[in-house]
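K.L.:
A predicted structure for the sequence below; I have some questions about it.
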Amino acid sequence: MFKIIDNIPEPIVYQVEQWVTSTKIPWYYFDHTLGSDPKGMCEVDQDVYQLKDMPRLTHYFYPNSTTGKEDRDYVMPLIAWVRQQLLPRYVVKRVMGNLTTQLPGSENYLNLPHVDSNKDMVTLLYYVNNSDGKTVFFQEKKIQHEVEPRRGRGVLFPSNTVHAGQVPCINKNRYVINLLFSREITNDG
């Protein structure tokens with residue numbers, strides 16, 4: 001399952017963009033992609049890109065939000081739409097935003113390739129704004145897909161898919177929200 005979604009309703013797209021790009025949301029600095037544990041990095045063929053661990057700002061929307069009410073008010077409609085339209089038998093497990101800023105001359109840099117989870121989960125990578133800085137997806141160490149960030153676009157994929165993002169080199173910033181879903185556990189299996 002790899003699917004690009006470009007039909008998220010404009011009121012949801014607008015609402016998420018207004019909150020995520022506002023000055024009211026707290027962002028926290030990380031100088032790495034994977035933390036102090038390099039075991040999360042995945043090996044890929046490096047024909048096109050130079051791998052570089054680049055800094056980012058992060059905000060946890062769920063479950064560890066520091067702005068819980070606002071995060072729920074602004075981001076829950078996106079989660080509800082995904083569950084209704086794409087993943088009806090799934091529940092959200094984690095929602096995290098990443099903000100990367102412009103790095104001129106970085107067009108051949110790629111952040112460290114990684115997976116979001118080794119468990120049986122599904123990721124929706126949601127692009128909050130138009131930007132440069134593709135997301136590159138790999139299969140068997142080879143580039144399988146390259147997706148351009150477009151405001152309101154989502155990419156749905158198994159969470160164990162190796163992928164990596166670029167920082168923008170032309171636009172000032174690149175906002176993405178990473179939503180992790182797991183299959184809903186019901187009494188009937």
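P.N.:
Done, it's in.

K.L.:
which one's the longest helix in the chain?
P.N.:
Ordering each helix of the chain by length in residues (DSSP state H) puts helix 68-85 first.

K.L.:
show me how far it is from its chain's centre.
P.N.:
15 Å (CA atoms, centre = their mean, to the nearest Å).

K.L.:
what lies in contact with it?
P.N.:
8-9, 11-12, 15-16, 18-20, 24-25, 61-62, 65, 90-92, 95, 124, 126, 154, 177, 179, 181 (CB atoms under 8 Å, 6 or more residues apart in numbering). Every residue, glycine included, has its C-beta placed from N, CA and C.

K.L.:
could you pull out the strands in this structure for me?
P.N.:
In the chain, the segments counted as strands under DSSP state E are 3-5, 28-30, 50-51, 56-62, 90-101, 109-110, 121-127, 135-139, 142-147, 154-158, 162-165, 173-183.

K.L.:
list the neighbouring strands of the second one plus their orientation.
P.N.:
Meaning strand 28-30. strand 56-62 (antiparallel) (DSSP bridges).

K.L.:
one step back: in a markdown table, list the strands of the chain along with distance to E70, mean pLDDT and mean neighbour count.
P.N.:
Shown next, in a markdown table, are these (distance: least, CB to CB, whole Å; pLDDT from 0 to 100; neighbours: other CB atoms under 10 Å):
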| stretch | distance to E70 | mean pLDDT | mean neighbour count |
| --- | --- | --- | --- |
| strand 3-5 | 24 | 98 | 14 |
| strand 28-30 | 16 | 92 | 11 |
| strand 50-51 | 35 | 91 | 12 |
| strand 56-62 | 10 | 94 | 19 |
| strand 90-101 | 13 | 96 | 19 |
| strand 109-110 | 33 | 94 | 21 |
| strand 121-127 | 17 | 98 | 23 |
| strand 135-139 | 26 | 96 | 18 |
| strand 142-147 | 28 | 95 | 14 |
| strand 154-158 | 21 | 98 | 20 |
| strand 162-165 | 25 | 96 | 22 |
| strand 173-183 | 14 | 97 | 20 |
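
K.L.:
show me what contacts H145?
P.N.:
So H145 contacts 2, 136-137 (CB under 8 Å, 6+ apart).

K.L.:
beta partners for it?
P.N.:
Going by DSSP bridges, H145 forms beta bridges with F137.

K.L.:
how about the longest helix of the chain, which residues are buried there?
P.N.:
Buried residues in helix 68-85, counted by 16 or more other CB atoms under 10 Å: 71, 74-79, 81-83.

K.L.:
could you check the angle strand 173-183 makes with that helix?
P.N.:
60 degrees (axes from the mean of the first three to the mean of the last three CA atoms, to 10 degrees).

K.L.:
any idea how far Q144 is from V13?
P.N.:
In this view, Q144 and V13 are 26 Å apart by CB to CB, to the nearest Å.
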